[in-house]
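In: got a predicted structure here, sequence first:
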Amino acid sequence: MRHGPVERLRAAGLRVTPQRVAVLEALEACSHPTADEVYRRVAARYPQMGLATVYNTLAALARQGQVVAVNIAEGRRYDLRTDPHQHIRCRRCGRVDDLPPWEDPGWQAMAVPPGWAVERWTLLAEGVCPACSAGATAAAPSS
Ligand SMILES: [Zn+2]
Ligand SMILES: [Zn+2]
């Protein structure tokens, strides 16, 4: 069952406001956005909303497990998916998508030194996303 914006805000103990709902809608619309990307989307509809409010809302949601903060090389992304899973990042445009969880016992037996108990995996795959692959010959990448 997926939780909607209102349920997530309530579960995080936040008052439900249109601006905070817009923060969660931005997370639904983008794949793993940064706080700045969330802010730009929300500010397009609510110009009076400050960046600090976006940060505080995301931080409160993350504290209560309603979103997950994913730390990736060039900054923190926010993820509505709260079950264990891994990520793949496009080195051209920075897009981040989901990979399956990595809790395969066979992999663990091979990769983890004896005596270690793994509690959480944070693996990051890097590569080139389909959009960037398709555009590689047509248009120059932006960075
Ligand atoms: Zn890309
Ligand atoms: Zn994810």
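Out: Great, that's in hand. Ligands and ions are numbered 1, 2, ... in the order given.
In: which residues of this protein lie near ligand 1?
Out: C90, R92, C93, R95, C129, C132 (CB under 5 Å from the ion). Yep, even glycine has a C-beta here, placed from its N, CA and C like the rest.
In: are any of those residues buried, and which?
Out: Buried by 16 or more other CB atoms under 10 Å: C90, R92, R95, C129, C132, out of the residues of the chain next to ligand 1.
In: among the helices and strands of the protein, which one scores worst on average pLDDT?
Out: helix 105-111 (a mean of 76; mean pLDDT, DSSP states H and E).
In: and the next helix or strand past that helix?
Out: strand 124-127 (DSSP states H and E).
In: chain center to that following strand: distance?
Out: Relative to its parent chain, strand 124-127 has a centroid offset of 15 Å by CA atoms, centre = their mean, to the nearest Å.
In: can you list the strands that it pairs with?
Out: Applying DSSP bridges, strand 124-127 is found paired with strand 86-90 (parallel).
In: go through the partner strand and flag the buried ones.
Out: Under 16+ other CB under 10 Å, the buried positions of strand 86-90 are Q86, H87, R89, C90.
In: so which of those is the closest to ligand 1?
Out: Closest approach to ligand 1 among those (CB to the ion): C90, at 3.2 Å.
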